[in-house]
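J.: Need a 3D model of the sequence below.
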Amino acid sequence: MHITLKSVSQALLMAGMLSACATQPGKGAYLSDKTYKITILHTNDHHGRFWPNSDGEYGLAAQKTVVDKVRAEVKAEGGYSLLLSGGDVNTGVPESDLQDAEPDFRGMDRIGYDAMAVGNHEFDKPVPVLMKQRQWISFPMLSANIYQDGRRMFDPYTIFNLGGVKVAVLGLTTDDTAKMVNPAQIKGIEFRSPIAEAGKLVPELRDKADIVIAATHMGHYTDGNHGVNAPGDVEMARAVKGLDLIVGGHSQNPVCMKAENVRDDAYVPGAPCAPDRQNGAWIVQAHEWGKYVGRADFEFNNGKLKLVKYQLIPVNLKKTVKTADGKTEKVPYTELIPEDGKLRSFLKGYQDRGQAELGVKVGELSAKLEGDRSVVRSQPTGLGVFVGEAMMAKAKADFAVINSGGIRDSLPAGVLSYKDVLKVFPFGSTLVYVDMKGDEALDYLKAAARMTPGAGAFAQFAGVKLRIEKGELKEALVGGKAINPAKTYRVAINSFMAAGGDGYPKMNQHPGFVNTGFVDAEMLKDYVAKQSPVKAERFAPGDAVSRM
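T.: This is a model prediction of the structure:
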């Protein structure tokens, strides 16, 4: 395994003893009756946010200032610290996506991350890109449950020696990954049950280390209610005894509890935050995008670990307030954090390079087309219709179906740039179509209708009028007419769905399947240009899809 030795105060431990601790088997050689201060810092679901947004929120340069300050405080008190990531470094911001997240990984390396869990979005691009990303960092990517050709693809865990206290960090990845990324890009790769793998490894790690932490990308689902998602951190903690701390990611929410098994989903930045506690394990998650740095301060004494304090440190997050003249402005929730100048200078080259490629105007839009995750995954939206019609136009299709998880942002009103388009479609899927008989088309629509609201599989449609009751398709019209079982229809979808992604019927082996080769973002860019100025009201979903 990959073993890292953190700096140790000579006043606490002689260098010779540290060397012995690094090589000896079994648990650490901590001093009896001595209290060790150990701080775990954490982030998750970075998704390409290496640079601050237009309001000056988050970004790796400000994050480094936070991390450096905490590390200095902890060291001054004779303590030790680790910085962990819950995964999903990739996908979300065009400047990052175009550069294979190089600024993000190299930036994280300069901040000094100690380890990260592998997230599902680490597989958005071909495996050779992931292998290249591994070379850009000096800290390990961890996942015990990802297998390639029958062997683990990553180290399952790493062990740190903090002044004689051995800390094991186990990596785990959601087994939903197989259906959330393009199946064509993960041939020969198996995502086994993370809970099953943890069940095997945690007892082993309890013999090797004094503290066992799981860095996971599985999601936090309140009281274990994971719905259509694979089981997450709560379910794992309940199933696997022996974890001290779970540093999570994937569900992209701050884990701050109001009461036992009651999460505060209206958490306000800067307010106190109490992590979850399940079966002896603390569970933490720091929302997304580097909006917070989580800080868990522990005391370790005679084999027992105690949480002393926990907090989410906002990284320049701001709220909108009204001014005296009735206007609005953004003000920080907490004291502003200066950016680390050296890291900002390093990242600026990447930002400038990305901006140069993305700033070109592609068209204009009369009003916003909604693609926010909370909306597009639960109801029909104008952006869903617009995207669907773009697909139909390019493929000359009768109707289109798109998984809402493939839509990652809204199209804003006004001038649209290539960057705006790439925010909607960051994954690089291609447009495909399938010519199928009416009965097959009806079956496909039935499968799409069953996709649960709130999940990425939830379907957006164009070219059809549907009536759906409790997930069951009751009526379907194409071109204003009932589907004719004997007639051939052309359905436009994306390559991810065609390969069986998000649980859709696998269509890439169908005799009527055609991969056009057109990348979805390029297709959308061309459609925006042709329709410009785009009248947003023309794409209102209306009553095209009624759900009861």
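
J.: Name the next helix or strand downstream of the helix or strand bottoming out on mean pLDDT in the chain, please.
T.: When the helices and strands of the chain are compared on mean pLDDT, DSSP states H and E, helix 15-23 comes out lowest with a mean of 32. Downstream of helix 15-23, the next assigned helix or strand under DSSP states H and E is strand 35-43.

J.: so what strands line up beside that following strand?
T.: The sheet places strand 35-43 alongside strand 80-85 (parallel), strand 292-301 (antiparallel), with pairing taken from DSSP bridges.

J.: For residue 437, see how far away the residue of the chain most remote from its centre is.
T.: Relative to the centre of the chain, the most outlying C-alpha is that of residue 486, 42.9 Å out, by C-alpha atoms, centre = their mean. To residue 437, residue 486 is 7 Å away according to C-beta to C-beta, to the nearest Å. Where you see a C-beta, it was placed from the backbone N, CA and C, and this is true even at glycine.

J.: With residue 42 instead?
T.: Residue 42 is 52 Å from residue 437, by C-beta to C-beta.

J.: between the two, which one's more packed in?
T.: residue 42 (26 against 16; other C-beta atoms under 10 Å).

J.: tell me which residues form a beta bridge with the more buried one?
T.: Beta-bridge partners, per DSSP bridges, of residue 42: residue 84, residue 294.

J.: which residues does it contact?
T.: Residue 42 sits next to 83, 84, 85, 86, 247, 284, 286, 293, 294, 296 when contact means C-beta atoms under 8 Å, 6 or more residues apart in numbering.

J.: which residue ranges form the strands in the stretch 1-150 of the chain?
T.: Per DSSP state E, counting those that start in this stretch, the stretch 1-150 of the chain carries strands over the ranges 2-5, 35-43, 80-85, 115-117, 141-142, 146-148.

J.: With neighbour count and pLDDT added, can I get the contacts of residue 42 in a markdown table?
T.: Output for the contacts of residue 42, formatted as a markdown table (neighbours: other C-beta atoms under 10 Å; pLDDT from 0 to 100):
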| residue | neighbour count | pLDDT |
| --- | --- | --- |
| 83 | 22 | 99 |
| 84 | 27 | 99 |
| 85 | 29 | 98 |
| 86 | 34 | 98 |
| 247 | 30 | 98 |
| 284 | 27 | 98 |
| 286 | 29 | 98 |
| 293 | 25 | 98 |
| 294 | 25 | 98 |
| 296 | 21 | 98 |
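
J.: Go through those residues and name the one nearest residue 318.
T.: Distance to residue 318 across the contacts of residue 42 (C-beta to C-beta) is lowest for residue 293, with 16.5 Å.

J.: re earlier: most widely separated two among the contacts of residue 42?
T.: Maximum pairwise distance among these (C-beta to C-beta): 14.3 Å, between 85 and 296.

J.: Could you list the low-confidence segments of the stretch 401-548 of the chain?
T.: Applying pLDDT under 70 to the stretch 401-548 of the chain picks out residues 548.

J.: quick one: the helices in it?
T.: For the stretch 401-548 of the chain, applying DSSP state H, counting those that start in this stretch gives helices covering 418-424, 438-449, 495-498, 520-531.

J.: Deepest-packed of those helices, please.
T.: Per residue and on average, the most neighbours among the helices of the stretch 401-548 of the chain fall to helix 495-498, with a mean of 26 (mean count of other C-beta atoms under 10 Å).

J.: I'd like to know which elements that one is packed against.
T.: Under the contact criterion of 3 or more C-beta pairs under 8 Å, 6 or more residues apart in numbering; DSSP states H and E, helix 495-498 touches strand 399-403, strand 430-437, strand 513-519.

J.: Run the angle between the second one and strand 513-519 for me.
T.: Using axes from the mean of the first three to the mean of the last three C-alpha atoms, to 10 degrees, the interaxial angle of strand 430-437 with respect to strand 513-519 works out to 160 degrees.

J.: Counting neighbours, what do you get for residue 331?
T.: By other C-beta under 10 Å, 11 other residues sit near residue 331.

J.: Contacts only, for it.
T.: So residue 331 contacts 318, 319, 321 (C-beta under 8 Å, 6+ apart).

J.: now residue 277
T.: By C-beta under 8 Å, 6+ apart, the neighbours of residue 277 are 257, 260, 283.

J.: Tell me how far the first one lies from residue 45.
T.: Between residue 257 and residue 45 the distance, using C-beta to C-beta, works out to 19 Å.

J.: ditto for the last one
T.: Taken as C-beta to C-beta, the spacing of residue 283 relative to residue 45 amounts to 15 Å.

J.: hang on, residue 177 packs against residue 124?
T.: No: using C-beta atoms under 8 Å as the test, residue 177 is too far from residue 124 to be in contact (10.5 Å).

J.: just to revisit the earlier point, residue 257 and residue 45: who's more crowded?
T.: Set residue 257 next to residue 45 and count neighbours by other C-beta under 10 Å: residue 45 wins out with 27 against 17.

J.: so who does that one touch?
T.: Residues in contact with residue 45 (C-beta under 8 Å, 6+ apart) are 86, 87, 88, 119, 249, 250, 252, 287, 288, 289.

J.: Ranking by neighbours, what's the top pick from those?
T.: With neighbours defined as other C-beta under 10 Å, the most crowded of these is residue 86; it has 34 neighbours.

J.: Measure how buried residue 361 is and give me the count.
T.: Using other C-beta under 10 Å, residue 361 is surrounded by 13 other residues.

J.: That one bridge partners, please.
T.: Going by DSSP bridges, residue 361 is paired in beta bridges with residue 417.

J.: Pull the contacting residues for residue 51.
T.: For residue 51, the contact set (C-beta under 8 Å, 6+ apart) comprises 59, 60, 93, 95, 103, 347, 350, 351.

J.: residues contacting the third one?
T.: If I follow you right, that is residue 93. 47, 48, 49, 50, 51, 423, 426.

J.: Nearest spatial neighbour of the third one, chain-adjacent residues omitted?
T.: In space, residue 49 comes closest to residue 289 once its chain neighbours are excluded; the distance is 4.3 Å by C-beta to C-beta, 6 or more residues apart in numbering.

J.: With that, I have no additional questions.
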